[in-house]
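Enquirer: Fold the following for me, if possible:
(4 chains)
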Number of protein chains: 2
Amino acid sequence: MQRTSFSEMACSIARTLDVIGEPWSPLILRDVFAGFTRFEQIQADLGISRKVLTERLNHLVEQGVLERRPYDRRPRYEYVLTQKGTELVDLLMVMVGWGDKWLAGEAGPPVLYRHHACGEISRVDLRCAHCGRPMHADDVDLLPGPGAAV
Amino acid sequence: MQRTSFSEMACSIARTLDVIGEPWSPLILRDVFAGFTRFEQIQADLGISRKVLTERLNHLVEQGVLERRPYDRRPRYEYVLTQKGTELVDLLMVMVGWGDKWLAGEAGPPVLYRHHACGEISRVDLRCAHCGRPMHADDVDLLPGPGAAV
DNA sequence: CAATCTCAGTTCCTTAAGGGAACCCTGAAT
DNA sequence: ATTCAGGGTTCCCTTAAGGAACTGAGATTG
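Expert: The predicted structure is shown next:
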């Protein structure tokens, strides 16, 4: 298919989708975060086509989300999260929270998260960066910002 | 293309992607949240193909994220967020936070969020639902949960 | 009461992206 | 000298996205 690029839109959602919105990209990021850092590991874990995996990894590296680094004197590479990529994992954790609540069903969450600071099994919760109180869809108004389209 | 369905994976990220992972879906959700609730409005705002918009809206309704409701005695419909869909907006707000930080550049954020509780322009911040302290990629360990694949 | 208008889709054709299997290259290891 | 493993390429097939034209149902207009 021919696919529209979102990068020209004055919208941070659209721009973010241009970085990780393609099929498989969030799952690749998840794998890297979970410790599957090599081509063969990710390919085997996801069952993704090698061709598509190559394309996605290249794109994520170009976007500065992953770094490709050699781990051997042979031509062997692993992919590691950059700071930019590590901060994308926030997005994954929110997806997990939503999926656990609405889609996991009887069986319960496939993966649990233990928070280092308190040691408890927990999940993320969205708070206002300014006042610390809960911040969800119904708690905000949208206003045009400085980068809004003219 | 033929596209792999993620829904069989024991992973809340994969399952969530099966609901809103297709191209355009998050932007459609954004539009509905922002008040573009009708077919023509969304189509004009996004420039999406009418065919694809139809497919996406149907899928989002099937998944219980949107509700299709008549607003006239003529055959006219609007799409509104269900509770399930409203909670997906959390995901959008986190995308906005990341995109604003890493992709917005000089111009700054295209959209600002004012938090009702404090009245300030703010952004979301991820906190541990248990102890309230920051919870990001480096602050957690992953453990297999009850719904993990056998 | 026929013609027009609007919204909300369908239909149909073209193009390009994903799936999948086979193949290739490089530097160890045997 | 041959085999092996990791990390890709190449090629063909199928299917999804883009885009423009068309349809239908119910107001509204003349």
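Enquirer: separation between the residue lying closest to A:F6 once chain neighbours are set aside and A:S7?
Expert: In space, and not counting its chain neighbours, A:F6 is closest to A:A14: 3.7 Å by Cβ to Cβ, 6 or more residues apart in numbering or on different chains. Just so you know, the C-beta spots here come from the backbone N, C-alpha and C atoms, and that holds for glycine as well. Noted for A:A14: a distance of 7 Å to A:S7, by Cβ to Cβ, to the nearest Å.
Enquirer: May I have the phi/psi pair for the residue nearest to A:P23 when sequence neighbours are not counted?
Expert: Nearest residue to A:P23 in three dimensions, chain neighbours excluded: B:R3, at 6.1 Å (Cβ to Cβ, 6+ apart). Phi and psi for B:R3, reported as degrees, to the nearest 10, are phi -120, psi 140.
Enquirer: which stretches of chain A form helices?
Expert: With DSSP state H, the ranges of helices along chain A come out as A:12-20, A:25-34, A:39-46, A:50-62, A:83-102.
Enquirer: Tell me the spacing between the residue nearest to A:P23 and DNA strand D.
Expert: As judged by Cβ to the nearest atom of the strand, to the nearest Å, B:R3 and DNA strand D stand 5 Å apart.
Enquirer: got it, and A:G47?
Expert: Taken as Cβ to the nearest atom of the strand, the span from A:G47 to DNA strand D is 14 Å.
Enquirer: cool, A:L142 as well?
Expert: Taking Cβ to the nearest atom of the strand, one finds A:L142 at 25 Å from DNA strand D.
Enquirer: Comparing A:A14 and A:S7, which residue is more hemmed in?
Expert: Remark: of A:A14 and A:S7, A:A14 carries more neighbours, 24 against 12, as counted by other Cβ atoms under 10 Å in any protein chain shown.
Enquirer: dump the residue contacts of A:L27.
Expert: By Cβ atoms under 8 Å, 6 or more residues apart in numbering or on different chains, the residues touching A:L27 are A:46, A:48, B:6, B:11, B:13-14, B:17.
Enquirer: Repeat that for A:V65.
Expert: A:19-20, A:29, A:81-82, A:84-85, A:88.
Enquirer: quick one on the thing from earlier: identify, out of the helices of chain A, the most deeply packed stretch.
Expert: Burial of the helices of chain A is given as mean neighbour count (mean count of other Cβ atoms under 10 Å in any protein chain shown); helix A:12-20 ranks first at a mean of 23.
Enquirer: That helix and DNA strand C in contact?
Expert: No: Helix A:12-20 lies out of reach of DNA strand C by Cβ under 7 Å from any atom of the strand, never closer than 12.1 Å.
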